[in-house]
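Undergrad: 3D model of this:
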Amino acid sequence: MLDYIKYHFENKITKSSNFIIFLFLVAGLSSLLIVGIQRLIGLDTQLSLFNSWWDSITSILSIGSGDTLGERVSSFIYWCLNVTISGSIIAFLTTKLSVFITNLNKGKSQVIDKNHYVIIGWNSNIFKVFEELKAANLNQKTPTILCFNDMNNVEMRAKIDLEYPDQKNMRILTRSGDSYNLAELSIANLDKAKSIIVLFDELKSSYNIETSVLAIRKNIPDGNVPIVSEFHDETNMKVLSQLKGKNILGVHTKSIIASVTSQSIRNKHIASVIMDFLDYDGDEIYFYSGAKFVGLSIREISCSLMGATLIGISDSNKKLVLNPAPQKIIMEGDELIVIAEDDDIALSLDESLKKTDTSSLQIKKRENDLYQNRSILIIGWSDLGRKILENTIPMLHEGSNIHITYRTDILNISPSLTIPHEKVQIETSSFDKENFSITKEFLMKNKFDTILIIGYIDHFTNEVADTFSLMQNLQIKTVLEEINSKDRPRVILQLNDGAKKNLIDIDENNEFIVSNTLSSLLMTQLADNQRLQYIFEELFTPFGNEIYIKSINNYLNFNEGDTILISELINLCLNFSENFIGIIQNDILSLNPIKTNEIILTSTIEIVVICES
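TA: The predicted model follows:
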C-alpha cells in the first residue's frame, strides 16, 4: 500500500502546478495542526477555529492578516502580486548568477597572469611536472601554473585536487579549450608566460603535438617565450626546433631513455647522477656570473671553489663548453656552469686550495682506461631497444657479448641493428609465453653482469607493455634467487609509467629507467632554463663529453689508508683532462663534495667525472 501511494504521489508531484497545490495543502494542514496544539494546551481560545486557522496560515505564508473578508481578500491579492513579482526578480537573478557560475566553471575566462607556467595537454606526467616546478621555485615567489586542455574544467579541477592535493606554495589554474584553436589558446595569455610545456595529450584521439606547437607559436609573435614540447617523431622535432626566433625546445622521450639506459649499463651510479641533475632534490646545474673570477684559470677555480663544482663555462658570446681545458682563463662576460645545491649560493674561493702543483702525488701514467668486457642479456625488444643498443655498443670494449632473447608469439622476425657492431658479439634466441628459456644454468654459463628488460612498446599500449615487463621481471627474480647473491647480475627494468614499479617487491639488484619520469624532469628543467638543453644533449649522447665512473686505481699509486683532499682529487683529474664531479665510497654516491674533505684511500673508491670518451 505504501509503495502504491508513493508511486502515485511521485507521478503527480512532478508537474509544477501539482507541486504548488501540494505546498498549499502542506501549509493548510500545518496551520490546522498548529491551531490544534495551541487549543490543546490552552492557548488561542478567543477566536473561532477558522479565524485561528487563517491567522496561522497567513503567518506561515506571510500573507498578512485581516479582520474582515474584504481585508483578507485584499491581503491575499497583494501577497500574490508580491510573490509573482519578487519571485520573477529572484528567478531572473538566480538564472543570471547560475549562467555566470556555469561559464566560470567552463574555464573560458581570460587569464591575466604574467610570468606563469603554462602546461598544454594532459597525461600522467603532469603531476610530476607540478612537483618539480614546485621544488624549483621553493626560494621564489609562489609560482602560478595554468593547465590548458580539452577536459571539462570542473572535471580537470577535481582530478588535480584528487591526484595532487598538496598545492601549498603554488597556485594551479585550469582552463578548458582546443589546443589546435588559435582563439581558444589566446585565453592562456601565452605571450606573457614564463615558459610553456606541451605534453602529449591523451585526451585527444589521434593527437598531433606538432599542430599544437604550431598553434602555440602563432600566439607568441615575438617568440620570446620558450616552448618545451615532448615529441614522438624525432624528425619533426628537429624541424620545429630549428625555426629561427621561436624558441622551441624538443624532448624526444625515446632518445632520452635510450641515452640514459645505455649509460646506466656501464655503471649503475650513472643513472643516479643523471637523476640528481634532473630533479630538484639534490644538486642541479646552474649558471653563475664569472665577474669576480676574471683572470683565474679553470684549474685554480675548480680546486678552490666552495659550495659548488665547476663543470664548464659560457663565454661572452653564449657559447657553452663543458670540461674546459685546465689552463683556460676566465674573461670578462664569461659565466661559470656549476653543480650546486641551489642557485642562491654565494660562490667564493678558498685561497689555501688554489694551487696547481700535483708533484706530491704518485700519478699513474695512463695509456688506456681499464675497460672490462661486458656480458649483457636483453629480454624483450622494440625500436627503443634498438636505440639503447646502438647507443651502448660504442661504449663497450671489444670482446663484449650481448644476448637478445624475445617472444616468438609477439615478434615474428629476429631483432636487428642499423649500425656496425663487429667488435661486439651479438646473439639472439627466442621463446614463447609457455616456455621461458632463461634458467640458472643459462645465466651462470654466460656470466651476464647486466640484464635489461624492455617492454614490447611497438606492439602494445604503455600499460600492457609495462605489465609484460613486470611479469618478466618476476620470472627473472625467481631464477636469480637460486644464484648466490654476489654472482647475481644487475637487473635494469625499463618502464613507461613510474607508478608501476610500486606494484612489485624491489630488491638491491633492481634498477628502473622510467620514461615518464625522465621526460617530465627534463621538460621541467628546460622550462626553467632553456640553456640547459645543450648541456643535457651533450651528456646524454655517446659523443662529446659524457659522465664516466672510474676506479681510483686509474689515477694514483697509493697504499691502503693513505689520505687525500677532494681538492687534490679535482686537481689530479684535470691532469687527465677530466672534470671531477663526485666520488663513490662504500657504494654511496656523493656529488659536489666539500673540497676540504679528506678521504681515506682504498681500492674500492670510484671517481665520477665528465670527459670525452
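
Undergrad: Please parse the protein into its domains.
TA: Listed by automatic domain parsing, the domain ranges of the chain are 18-105, 117-246, 375-514.

Undergrad: quick one: low-confidence parts of the stretch 151-300 of the chain?
TA: Within the stretch 151-300 of the chain, the ranges that satisfy pLDDT under 70 run 244-246.

Undergrad: any chance you could map the strands in it?
TA: Along the stretch 151-300 of the chain, counting by DSSP state E, counting those that start in this stretch, strands occupy 171-176, 195-198, 227-231, 248-252, 284-289.

Undergrad: Reformat those strands as CSV; add mean neighbour count and distance to residue 587.
TA: Bear in mind the C-beta positions are built from the backbone N, C-alpha and C, glycine included. CSV is the format used below for the strands of the stretch 151-300 of the chain (neighbours: other C-beta atoms under 10 Å; distance: least, C-beta to C-beta, whole Å):
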stretch, mean neighbour count, distance to residue 587
strand 171-176, 19, 40
strand 195-198, 26, 36
strand 227-231, 25, 34
strand 248-252, 22, 32
strand 284-289, 19, 23
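
Undergrad: and the ones you listed as a markdown table, adding distance to residue 411?
TA: Conversion of these to a markdown table gives the following (distance: least, C-beta to C-beta, whole Å):
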| stretch | distance to residue 411 |
| --- | --- |
| strand 171-176 | 42 |
| strand 195-198 | 33 |
| strand 227-231 | 26 |
| strand 248-252 | 24 |
| strand 284-289 | 40 |
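
Undergrad: Can you tell me which of these is nearest to residue 56?
TA: Proximity to residue 56 (C-beta to C-beta) singles out strand 171-176 among these, at 51.6 Å.

Undergrad: packing partners for that closest one?
TA: Under the contact criterion of 3 or more C-beta pairs under 8 Å, 6 or more residues apart in numbering; DSSP states H and E, strand 171-176 touches strand 144-149, helix 153-163.

Undergrad: Please identify the most buried of the ones you listed.
TA: Mean neighbour count (mean count of other C-beta atoms under 10 Å) peaks for strand 144-149 among those, with a mean of 24.

Undergrad: Which residues outside that one are in contact with it?
TA: 111, 113, 115-122, 126, 130, 133, 156, 160, 170-177, 179, 185, 188, 193, 201, 203 (C-beta atoms under 8 Å, 6 or more residues apart in numbering).

Undergrad: Contacts only, for the nearest residue to residue 540 once chain neighbours are set aside.
TA: Once flanking residues are discounted, residue 540 sits nearest to residue 259: 3.8 Å by C-beta to C-beta, 6 or more residues apart in numbering. Shown in contact with residue 259 (C-beta under 8 Å, 6+ apart): 391, 540, 541, 542.

Undergrad: all strands of the stretch 501-613 of the chain, in order?
TA: Ranges of strands within the stretch 501-613 of the chain are 510-514, 545-551, 563-565, 579-585, 588-591, 598-600, 606-612, based on DSSP E, counting those that start in this stretch.

Undergrad: Kindly reformat these as TSV containing distance to residue 317.
TA: TSV is the format used below for those (distance: least, C-beta to C-beta, whole Å):
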stretch	distance to residue 317
strand 510-514	36
strand 545-551	19
strand 563-565	35
strand 579-585	21
strand 588-591	29
strand 598-600	39
strand 606-612	22
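
Undergrad: JSON lines for those, including mean neighbour count and mean pLDDT?
TA: Below are those laid out as JSON lines (neighbours: other C-beta atoms under 10 Å; pLDDT from 0 to 100):
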{"stretch": "strand 510-514", "mean neighbour count": "20", "mean pLDDT": "77"}
{"stretch": "strand 545-551", "mean neighbour count": "20", "mean pLDDT": "90"}
{"stretch": "strand 563-565", "mean neighbour count": "15", "mean pLDDT": "91"}
{"stretch": "strand 579-585", "mean neighbour count": "22", "mean pLDDT": "95"}
{"stretch": "strand 588-591", "mean neighbour count": "15", "mean pLDDT": "92"}
{"stretch": "strand 598-600", "mean neighbour count": "13", "mean pLDDT": "92"}
{"stretch": "strand 606-612", "mean neighbour count": "21", "mean pLDDT": "92"}
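
Undergrad: Mind checking those strands for the one nearest to residue 528?
TA: Nearest to residue 528, of all these, is strand 588-591, at 19.3 Å by C-beta to C-beta.

Undergrad: could you say what helices and strands the strand or helix carrying residue 87 packs with?
TA: Here residue 87, judged by DSSP states H and E, is contained in helix 69-105. With contacts taken as 3+ C-beta pairs under 8 Å, 6+ apart, helix 69-105 sits against helix 49-61.

Undergrad: what does the helix it packs on rub up against?
TA: In contact with helix 49-61 (C-beta under 8 Å, 6+ apart) are residues 27-28, 30-32, 34-35, 38-39, 44, 47, 63-65, 72, 75, 79.

Undergrad: any chance of the helices and strands packed on strand 171-176 in a markdown table, with distance to residue 424 too?
TA: As requested, the helices and strands packed on strand 171-176 are exported to a markdown table (distance: least, C-beta to C-beta, whole Å):
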| stretch | distance to residue 424 |
| --- | --- |
| strand 144-149 | 45 |
| helix 153-163 | 44 |
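
Undergrad: quick one on the thing from earlier: just the buried ones from the contacts of helix 49-61?
TA: 27, 31, 34, 35, 44, 63, 72 (16 or more other C-beta atoms under 10 Å).

Undergrad: Tell me which residues touch the fourth one, please.
TA: If you count contacts by C-beta under 8 Å, 6+ apart, residue 35 has them with 44, 49, 52, 53, 56.

Undergrad: Please give the number of neighbouring residues around the last one.
TA: The local packing count at residue 56 equals 20, with neighbours defined by other C-beta atoms under 10 Å.

Undergrad: which one is it nearest to, not counting chain neighbours?
TA: Of all residues not flanking residue 56 in the chain, residue 31 sits nearest, at 3.8 Å (C-beta to C-beta, 6+ apart).

Undergrad: circling back: quick check: buried residues in the helix holding residue 87?
TA: Buried residues in helix 69-105, counted by 16+ other C-beta under 10 Å: residue 72.

Undergrad: Please apply the same query to stretch 227-245.
TA: For stretch 227-245, burial by neighbour count (16+ other C-beta under 10 Å) applies to 227, 228, 229, 230, 231, 236, 237, 240, 241.
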